[in-house]
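>>> coordinates only, sequence not included:
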């Protein structure tokens, strides 16, 4: 009788292990997605984070350069000495203001 009792116990532990493995994979997968999104949203909530997110792709670009960025997206980003150079195009702006109006995106038209 003792042999028969141990066999059902072994069978019940394998599905539980499979469920635990699936739970671990789901938790790790959701953390891999959630942590970068949380970091991006946190960076967007501060002016310094917005400037850092704005400057990082510009540093990788050879044709676009901005000397200084100040302000934030809600108040308006002020870009000083913006220069864009490519074949046949040379644009130099001493001072530019970039401001996003979120209501425009909801209405789907541009001012």
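Received the coordinates, thanks. The structure displayed is predicted, hence computed values, not measured ones.

>>> show me the contacts for residue 55.
Listed by C-beta atoms under 8 Å, 6 or more residues apart in numbering, the contact set of residue 55 reads 66, 69. C-beta: built from backbone N, CA, C; applies to glycine.

>>> if I've got this straight, it is in a helix?
Yes. Counting by DSSP: H, G, I helix; E, B strand; the rest coil, residue 55 is part of a helix.

>>> From residue 67, how far out is it?
To residue 67, residue 55 is 11 Å away according to C-beta to C-beta, to the nearest Å.

>>> same question, residue 22
Residue 22 is 52 Å from residue 67, by C-beta to C-beta.

>>> And residue 56, by the same measure?
16 Å.

>>> now residue 19
Where residue 67 is concerned, residue 19 sits at a distance of 57 Å (C-beta to C-beta).

>>> what does residue 87 give?
From residue 87 across to residue 67, the span is 23 Å (C-beta to C-beta).

>>> which of those two has more neighbours?
Between residue 87 and residue 67, residue 67 has the larger neighbour count (other C-beta atoms under 10 Å), namely 10 against 6.

>>> quick one: contacts for the most centrally placed residue in the chain?
Centroid check for the chain by C-alpha atoms, centre = their mean gives residue 40 as the closest residue, at 4.0 Å. By C-beta under 8 Å, 6+ apart, residue 40 lies in contact with residue 53.

>>> Quick check: pLDDT value at it.
As predicted, residue 40 sits at a pLDDT of 86.
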